[in-house]
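Q: build me a structure from this.
(chains A and B)
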Amino acid sequence: MNFQLSDDLRMLQDSLRGVLGRHAGDDLMPALTELGVPQALLTEAEGGFDGSGAAVALVFEELGRAGASLPLIGAMIAAAALSAAGRPADEGAALAFADAEPGTRYDRGVAIAADGDCLTGRKTMVAGAEAADTILVTTADALWAVASDAAGLTIRPYPLLDDQRGADLILEATPATRLGALSDFDGALARGVLAHAAYALGGITAAVDLTLDYLKQRKQFGQPLIAFQALAHRAADLAVEVEQARSAVTNLAAHLDAEPALRDRHLQACKVTVGRTARLVAEESVQLHGGIGMTEEYALGGMIRRLLAADTAMGDADFHLERFARGEPAFA
Amino acid sequence: MDMSFTADEIAFRDDIRAFLKAELDPALARKVRLHHDLTKAEMEGWHAKLQSRGWLAGNWPKEFGGAGWTAIQRHIFEEESARAHAPRIVPFGIAMLGPVLQKFGWKEQQDYWLPRILNGDDWWCQGYSEPGAGSDLAGLRCEAKRDGDHYVVNGQKTWTTLGQHANMIFCLVRTNATGKKQEGISFLLIDMTTPGVTVRPIVLLDGTAEVNEVWFDNVRVPVANLVGTENDGWTYAKYLLTHERTNIAGVGFATAALDNLKRVAKSQRHRGQPLSDDPLFAAEMAGVEIELMAMSTTNLRMLSAAAQGQAPGIESSMLKIKGTQIRQRLDALTRRAYGGQAMALTLEGNEGPDGADGALAASATWLNNRKLSIYGGSNEIQRSIISGALAKG
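A: So this is what the prediction gives:
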């Protein structure tokens, strides 16, 4: 048994930390691209150079810790799925993934339906849709590719909780290419869930670290807050849950390429554990800070919003708990 | 044992309901339900409607122009108003300053300031917390130095809710820096249009700016604006905090949030059925509803004891903890009911899909209501009050 990163991945981690320390905002994505981060998320067959669970977990945990808000997950899912369908995207094409629908928690095909090779309906909370050339769209049981300039497609953008740009897609008899049954792309989708979970894990550790710093530094009644046992024990409880979340991410990363039934149990357990921890840390880190934790100016606010979004994306803790309990596959 | 309302109380409730039905604009109620920011005019307009019925200050004795309601009547009013999504009465003048002036103010102060609260001449805000004095409120440092017939105030206050609308602020200031920290605090009324007062908004993590920082730079305040006596302000502050906590359980707000959650759960699809039919989610909703049923009675038991003259002790701290836990749990469930849709804060004026405004409100409310367990004495402070009393008992 060995939980260490390979030498290649350790080098990637070091470089990534360096880039995240030096770049932010609009400069960040070009720097990550130059570093080869998007290719690290894809297998050689998909045009990348890694695509392993370990690589995906590493990259997104670092991005989550740094609080980088980039549409990388949708692009990764879409690139892997297009490749699996034998239709790899043009190099440099911007890709997005549209899954959530209005009026339902996570049902697919409630607000959208296919008629021949056209889609009509609505998708919501689509990260990166505005800038995408191609958007992959789920229906009840299939995955489709839609060109962003396709007829009958309206994109209505707005900011997401995690500071990305999101959008509603309104499709009116929009021409689309059916890539296959949704279950044919479970590997690409599982990688997406791992990415969201690892991103949340990075945010969880950052929020807990910031909270600990604050408890040590903030004084009330003549003592640092960490000297109050009631607060110190809650910080200790958070530290315990962070380790549980890390193990859940490790489990999924290690089983990303396992046989589907086993992979899906780890996937569901991972999203449940990380989602619940994200909610707990979001609540407790604000509470342990007090009022300052609610201000936009302080770093915690953005962390909290990103944690909520990461729990919500691609099935929250409730969704995956139910499917785990019922013994259902993650995607069908 | 008789848990039913009396005939008079039922008549009172029906009166309130009829008023809300006739006077509450549905568009305003919708804004309240979706936690949109209300304008100053909307809040003042609602106050004026209530005052036209003599209901603005339900907690004030009739001699001061209030409605003189019993604790049970106030509970009924608050619950009915919350369930109808009526705007909340801005508490700073009515619920906080009013009772302090009535108990500790000079006759001239009562005669001048109380009518102005009722008719909306003044918008009050609260200057209690400071950057270095939150839970440890008595550690406050904003100082007032006597200079002839004025105090000169220097320092900073923070978390001043709706201070952007206010022309007056009641402040705890330090008038004596020696001795026990609680014994050098005074309660001062400050005109915010005085030179040297600066108000800066604090943007919160839901994007709103309902709280402010207030700075005082050599602000001259007439000595006549000192409430009661110098260095006795901590007594008044504690009295105010007990009044701030009379509706601390927030039963009405929780009931309204539960109504909203049930409506959302009916509207959202889950595995092809309404989410409200899902046994897992229904059990979660039932769990919090059961807690609310018990808390509602805890609240009434404590109100009833208070009405019979028992001094409020740790009960208000208990209600604050349980009430905020229930409301935050309801907020979390409402977000969860929307699943993958609960990822945005604003649609930037785009016309959203059906239910999108509800999903937005759910995230914004979740974020904003983190304050419930922080303000008015954090839940940790309440636990210390309870455990301190239990240890003594």
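
Q: in chain B, what residue sits furthest out from the centroid?
A: Largest separation from the mean C-alpha position in chain B: B:G272, at 40.3 Å (Cα atoms, centre = their mean).

Q: now that one: closest residue in space, sequence neighbours ignored.
A: Nearest non-adjacent residue to B:G272, counting by Cβ to Cβ, 6 or more residues apart in numbering or on different chains: A:D107, 6.6 Å away. For every residue, glycine as well, the C-beta is placed using N, CA and C.

Q: who are the contact partners of the one you found?
A: A:E101, B:R269, B:H270, B:R271, B:G272 (Cβ atoms under 8 Å, 6 or more residues apart in numbering or on different chains).

Q: go through these and name the one nearest B:R335.
A: Minimum distance to B:R335 across those is 14.7 Å, recorded for B:H270 (Cβ to Cβ).

Q: name the helix or strand for whatever residue of the stretch 201-332 of chain A ends up closest to chain B, please.
A: As assessed by Cβ to the nearest Cβ, chain B sits closest to A:G301 within the stretch 201-332 of chain A, at 3.4 Å. Using DSSP states H and E, A:G301 sits in helix A:300-312.

Q: packing partners of that helix?
A: helix A:186-217, helix A:260-289, helix B:356-368 (3 or more Cβ pairs under 8 Å, 6 or more residues apart in numbering or on different chains; DSSP states H and E).

Q: quick one, domains of chain A?
A: Per the record, chain A has its domains at A:7-66, A:78-175, A:184-326, by automatic domain parsing.

Q: could I get the ones you listed as TSV with distance to B:H75 and mean pLDDT?
A: What follows is these, written out as TSV (distance: least, Cβ to Cβ, whole Å; pLDDT from 0 to 100):
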stretch	distance to B:H75	mean pLDDT
domain A:7-66	46	95
domain A:78-175	35	95
domain A:184-326	28	97
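
Q: wait, which of those is closest to B:T39?
A: Closest of the domains of chain A to B:T39 is domain A:184-326, at 21.5 Å (criterion: Cβ to Cβ).

Q: one step back: now the residue of the stretch 201-332 of chain A closest to chain B, nearest residue through space, not along the chain?
A: Nearest non-adjacent residue to A:G301, counting by Cβ to Cβ, 6+ apart: B:L205, 3.4 Å away.

Q: I'd assumed A:T295 was in contact with that neighbour.
A: Yes - under the criterion of Cβ atoms under 8 Å, B:L205 makes contact with A:T295 at 7.0 Å.

Q: mind listing what the residue of chain B found nearest chain A touches?
A: The nearest approach of chain B to chain A comes at B:G339, 2.8 Å away (Cβ to the nearest Cβ). Applying Cβ under 8 Å, 6+ apart, we find B:G339 in contact with A:A100, A:T104, A:R105, A:Y106, A:T312, A:D316, A:D318, A:F319, B:Q268.

Q: repeat the analysis, applying 6 Å as the threshold.
A: Going by Cβ atoms under 6 Å, 6 or more residues apart in numbering or on different chains, B:G339 touches A:R105, A:Y106.

Q: so who does the closest residue to A:L308 other than its chain neighbours touch?
A: Ranked by Cβ to Cβ, 6+ apart and with sequence neighbours excluded, the top spatial neighbour of A:L308 is A:L161, at 5.6 Å. Going by Cβ under 6 Å, 6+ apart, A:L161 touches A:R305, A:L308, A:A309, B:M343, B:L345.

Q: for the residue lying closest to B:T175 once chain neighbours are set aside, helix, strand, or coil?
A: Distances taken as Cβ to Cβ, 6+ apart place B:S186 nearest to B:T175, at 4.3 Å, with adjacent residues excluded. At B:S186, secondary structure determined by DSSP: H, G, I helix; E, B strand; the rest coil is strand.

Q: just to revisit the earlier point, more neighbours, B:L205 and A:T295?
A: Using other Cβ atoms under 10 Å in any protein chain shown as the criterion, B:L205 and A:T295 rank with B:L205 on top: 24 against 18.

Q: roughly how far does the more buried one sit from B:L188?
A: B:L205 sits 32 Å away from B:L188, going by Cβ to Cβ, to the nearest Å.

Q: try A:P260
A: 70 Å.

Q: ok, B:Y112 next?
A: According to Cβ to Cβ, B:Y112 stands 15 Å off from B:L188.

Q: for chain A, what's the longest strand?
A: The residue-count maximum for a strand in chain A (DSSP state E) belongs to strand A:165-175.

Q: which strands and helices sit next to it?
A: If you count contacts as 3 or more Cβ pairs under 6 Å, 6 or more residues apart in numbering or on different chains; DSSP states H and E, strand A:165-175 packs onto strand A:118-123, strand A:153-159.

Q: check what pLDDT the spatially most central residue of chain B gets.
A: Of all residues in chain B, the one closest to the mean position by Cα atoms, centre = their mean is B:P91, 5.7 Å from it. Looking at B:P91, its pLDDT stands at 93.

Q: and the pLDDT for B:Q73?
A: B:Q73 is assigned 91 on the pLDDT scale.

Q: chain neighbours aside, what residue packs nearest to it?
A: Distance criterion Cβ to Cβ, 6+ apart; nearest residue to B:Q73, sequence neighbours excluded, is B:F12 at 5.7 Å.

Q: what's the burial count for that neighbour?
A: For B:F12, using other Cβ under 10 Å, the count is 19.

Q: hmm, who's touching the helix or strand where B:L261 lies?
A: Taking DSSP H and E as the definition, one finds B:L261 inside helix B:251-267. Defining contact as Cβ under 6 Å, 6+ apart, one finds that helix B:251-267 is touched by B:78-79, B:82-83, B:274-276, B:289, B:292, B:296, B:299, B:326-327, B:330, B:333-334, B:337.

Q: just the buried members of the residues you listed?
A: B:78-79, B:82-83, B:275-276, B:289, B:292, B:296, B:299, B:326-327, B:330, B:333-334, B:337 (16 or more other Cβ atoms under 10 Å in any protein chain shown).

Q: out of those residues, which are inside helices?
A: B:78-79, B:82-83, B:289, B:292, B:296, B:299, B:326-327, B:330, B:333-334, B:337 (DSSP state H).

Q: dump the residues you listed into a markdown table; add distance to chain A and pLDDT as well.
A: Below are these laid out as a markdown table (distance: Cβ to the nearest Cβ, whole Å; pLDDT from 0 to 100):
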| residue | distance to chain A | pLDDT |
| --- | --- | --- |
| B:E78 | 25 | 92 |
| B:E79 | 27 | 91 |
| B:A82 | 23 | 93 |
| B:R83 | 26 | 93 |
| B:E289 | 18 | 98 |
| B:L292 | 19 | 97 |
| B:S296 | 24 | 92 |
| B:N299 | 23 | 89 |
| B:I326 | 14 | 98 |
| B:R327 | 13 | 97 |
| B:L330 | 14 | 98 |
| B:L333 | 10 | 97 |
| B:T334 | 12 | 96 |
| B:A337 | 7 | 96 |
